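1. this one's sequence-less:
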């Protein structure tokens, strides 16, 4: 999320329809010119959502990210309508630049139905109002990377546990990071857009846990998101704070696995996400 604005995110999530099942979207450029995994996944979700009936909301998405792509150029999204049943609809998404497939995703949508409900409870953590901003927490690193850590961000973050840059300097950093977040400005009250923003944010929030145990950060090491899954349980109100509880259970063979649950302030579980990040060969002595 570093170096981007909320307006950039919202604008690029508004994918342009080319035909009934084809869309195109602008990317957010960065110094490496690599497409951000959580961002293109959110664009894939938005594209698929525009091919289903209005009463259908996404309940799960499974994404494989196959190539980095070029963030200076737009990406084409091709939707295949696999199924439209009485309750569930399924879509396949291919994201391409020229003849190169960057992403393949399966998205499942559901109509609302009445049923038994259960969930794990929200963790007992301090309220967001009692916590400092991430810029305050990282003020001691203000001179690093031309002030990168303390710049205004599109997402307002309040960490319960030390953020990645701070945690990596601790003698025994925890593989668990809990944080409150909300957009740093107003967001339209659109359930599909909110699901896309959850997807985008989860792409960064989960990444941090795998970075901490390796004592590095996303901007100071090679890393690539290779797969990403999100289950949407309840509608999210992004005008209020969301709690992310993220942990990395495993890292092996140059990959790190992370999982997270997200809750609203009333304790409702709104989504569960997992992702795997590729770090390449370990070059440390």
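-> Nice, I can see it. If you're wondering where the values come from, they're calculated on a predicted model, not measured in any experiment.
2. Now do the helices in this structure.
-> Along the chain, the stretches classed as helices by DSSP state H are 6-13, 37-49, 134-137, 164-167, 191-214.
3. Contacts for the second one, please.
-> Outside of helix 37-49, the residues within contact range by C-beta atoms under 8 Å, 6 or more residues apart in numbering are 9, 12-15, 23, 25, 27-28, 58, 61, 63, 65, 69, 75, 77, 79, 91, 93, 95, 102-103, 105, 107, 109, 192-193, 195-197, 199-204, 224-225, 228, 275. C-betas here are computed from N, CA, C, even on glycine.
4. try 7 Å
-> In this structure, residues lying in contact with helix 37-49 by C-beta atoms under 7 Å, 6 or more residues apart in numbering are 13, 15, 23, 25, 28, 58, 61, 63, 65, 75, 77, 79, 91, 93, 95, 102-103, 105, 107, 192, 195-196, 199-200, 202-204, 225, 228.
5. can you state the direction angle for that helix and helix 191-214?
-> Comparing the axes of helix 37-49 and helix 191-214 via axes from the mean of the first three to the mean of the last three C-alpha atoms, to 10 degrees yields an angle of 160 degrees.
6. how far is stretch 83-97 from where the chain is centred?
-> Relative to the mean C-alpha coordinate of its chain, stretch 83-97 is positioned 20 Å out (C-alpha atoms, centre = their mean, to the nearest Å).
7. again, but for stretch 255-263
-> Averaging C-alpha coordinates over stretch 255-263 and over its chain gives two centres that are 10 Å apart (C-alpha atoms, centre = their mean).
8. average model confidence for that stretch?
-> Averaging pLDDT along stretch 255-263 yields 95.
9. Give the buried residues for it.
-> For stretch 255-263, burial by neighbour count (16 or more other C-beta atoms under 10 Å) applies to 255-263.
10. follow-up on the earlier one: including mean neighbour count, mean pLDDT and distance to residue 179, could the helices of the chain go into a markdown table?
-> Formatted as a markdown table, those follow (neighbours: other C-beta atoms under 10 Å; pLDDT from 0 to 100; distance: least, C-beta to C-beta, whole Å):
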| stretch | mean neighbour count | mean pLDDT | distance to residue 179 |
| --- | --- | --- | --- |
| helix 6-13 | 17 | 95 | 17 |
| helix 37-49 | 28 | 97 | 15 |
| helix 134-137 | 16 | 81 | 8 |
| helix 164-167 | 22 | 76 | 10 |
| helix 191-214 | 24 | 89 | 7 |
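11. Thanks a lot, catch you later.
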